[in-house]
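>>> Fold the following, please.
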Amino acid sequence: MSALNRSAARLAAVQALYQMDVTGKDINESLAEFETHWIAAEIEGEQYHQAELALFRDVVRGVLDLQRPIDRMIDDTLENGWPLRRIEAVLRAAFRAATYELMKRSDIPARVVIKEYVDVAAAFFEREEAGMANAVLDLIARQLRSGEFDQDIARRG
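Here you go, the predicted structure:
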């Protein structure tokens, strides 16, 4: 699958996580709905790309399986006084999905994860929120994958 298919999977995962968060739908119902009605479909004149289903499923299931440690990490990274529950639901879903990938998908470079989820945030929000997403995800990535960032410094140095 291409990078475009992985990007579509991440967008769909954020949308499914958002939907579960807001409506209380369970994982099986949400996965089935997205795979049947959203992924690679035309909705309101907009053609959605085919998503890499394995990545979509892995991110959604992984976030739900690890939601407590994921949420704790995000809460610890956010500014004091701004717990994750006060973050808008779509942005919260993007933070959770990105944090899951940073925790468990070492096969995907941290910078790719950050860029992909900042792009998702930018699709829904103004520049300020996308910038905040970049800053938060960069801090989380440096905690979870410091070795990737240390290598960058060594190459430059």
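
>>> which residues make contact with the helix ranked longest in the chain from outside it?
If you go by DSSP state H, the chain has its longest helix at helix 3-23. By C-beta atoms under 8 Å, 6 or more residues apart in numbering, the residues outside helix 3-23 that reach it are 25-27, 30-31, 33-34, 38-40, 48-53, 55-56, 59-60, 63-64, 89-90, 92-94, 96-97, 116-117, 119-120, 123. To be clear about C-beta, it is placed using only N, CA and C from the backbone, and glycine gets the same treatment.

>>> Would you indicate which residues of stretch 127-142 are buried?
The neighbour-count check on stretch 127-142 (16 or more other C-beta atoms under 10 Å) flags 129, 130, 132, 133, 134, 136, 137, 138, 140, 141 as buried.

>>> taking those one by one, which sit in strands?
The strands, defined by DSSP state E, take in nothing from the buried residues of stretch 127-142.

>>> now the residues you listed as TSV including pLDDT and distance to residue 14?
Shown next, in TSV, are the buried residues of stretch 127-142 (pLDDT from 0 to 100; distance: C-beta to C-beta, whole Å):
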residue	pLDDT	distance to residue 14
129	85	13
130	89	13
132	88	16
133	92	11
134	94	15
136	93	15
137	96	13
138	95	18
140	96	16
141	96	17
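
>>> how far does stretch 11-24 sit from the chain's center?
Centre-to-centre, stretch 11-24 and its host chain are 11 Å apart (C-alpha atoms, centre = their mean, to the nearest Å).

>>> how about it: buried residues?
Residues of stretch 11-24 classed as buried by neighbour count (16+ other C-beta under 10 Å): 11, 12, 13, 14, 15, 16, 17, 18, 19, 20.
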